[in-house]
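Novice: when you get a sec, could you give me coordinates for this:
(2 chains)
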2 protein chains.
Amino acid sequence: MPNTAPRSDCPVARSLSVLGDRWSLLVIRDMMLFGKRTFNEFLESEEKIPTNTLATRLKQLEEAGLISKRAYQDNPPRFQYELTDAGAALAPVLRAFRDWCRDHYESTGNAASDRMSG
Amino acid sequence: MPNTAPRSDCPVARSLSVLGDRWSLLVIRDMMLFGKRTFNEFLESEEKIPTNTLATRLKQLEEAGLISKRAYQDNPPRFQYELTDAGAALAPVLRAFRDWCRDHYESTGNAASDRMSG
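Specialist: Just a heads-up that it's a prediction; the model follows:
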């Protein structure tokens, strides 16, 4: 997984090494806020994650220890995903993004007004 | 900027449309915590952002209204970047990533122990 190799000891950089993409935190959101657990449920989210991207992200999140995968049916095999403690501990990150968007980004029309006065 | 087109109205997804990559929040960190302002100062950070990636990210952050660019010298032209109000408002996002890494990710050896019990 070259994409997730840490690039420094900075805790922000280390977080972004595993979560710094457009999709991983949306999968975490789907599990945390909407109770989604299966591959097909993640695919149905309105952001329309591509199938191969979802497979890659689930594998990376599992290898990083943020989600766990287990079979809930054998024949045919079916899997579901759950947040680990480390994954569930991302709630403050999701809240920070939500609050920033609502209070400082979306509210100003993608912050264009800040640019004028910046 | 096809990369930054919002994919839904979810405020987390909208935040990630502009900040969901491995580098943008590190540029914000460099400005906020280390007082960096110039292209060369960003290049010197230990994560070693590639030159073309930095140019693209600065342009996207400026177009999103999170940073502003101004010339501080005419001949030869030299530019420096500053956080707008919307960019400075990302401090809680950086803190959330830092705290999560320290308390729930790094502390468990990339959360492997959570995976075992998850």
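Novice: now what about whichever strand or helix holds A:Leu94, what contacts it?
Specialist: Using DSSP states H and E, the element containing A:Leu94 is helix A:91-100. Contacts to helix A:91-100, defined as C-beta atoms under 8 Å, 6 or more residues apart in numbering or on different chains, come from residues A:15, A:19, A:25, A:28-29, A:32-33, B:11-12, B:15-16, B:19, B:89-90, B:92-93, B:95-97, B:99-100. For every residue, glycine as well, the C-beta is placed using N, CA and C.
Novice: quick one, what contacts the most centrally placed residue in chain A?
Specialist: Geometric centre of chain A, nearest residue: A:Leu25, 1.6 Å, by C-alpha atoms, centre = their mean. For A:Leu25, the contacting residues are A:Leu19, A:Leu90, A:Val93, A:Leu94, A:Phe97, B:Val12, B:Leu16, B:Gly20, by C-beta under 8 Å, 6+ apart.
Novice: report pLDDT for the fourth one.
Specialist: Looking at A:Leu94, its pLDDT reads 98.
Novice: roughly how far does it sit from A:Glu46?
Specialist: Counting by C-beta to C-beta, to the nearest Å, the gap from A:Leu94 to A:Glu46 is 16 Å.
Novice: more crowded one of the two?
Specialist: A:Leu94 (19 against 10; other C-beta atoms under 10 Å in any protein chain shown).
Novice: what about the closest residue to A:Leu54 other than its chain neighbours, distance to A:Leu58?
Specialist: Distances taken as C-beta to C-beta, 6 or more residues apart in numbering or on different chains place A:Phe42 nearest to A:Leu54, at 5.6 Å, with adjacent residues excluded. Going from A:Phe42 to A:Leu58 by C-beta to C-beta gives 8 Å.
Novice: who touches both of those two?
Specialist: In contact with both A:Phe42 and A:Leu58: A:Val27, using C-beta under 8 Å, 6+ apart.
Novice: how about the longest helix along chain A: buried residues?
Specialist: The longest helix of chain A (DSSP state H) is helix A:51-63. Residues of helix A:51-63 classed as buried by neighbour count (16 or more other C-beta atoms under 10 Å in any protein chain shown): A:Leu54, A:Thr56, A:Arg57, A:Leu58, A:Gln60, A:Leu61, A:Glu62, A:Glu63.
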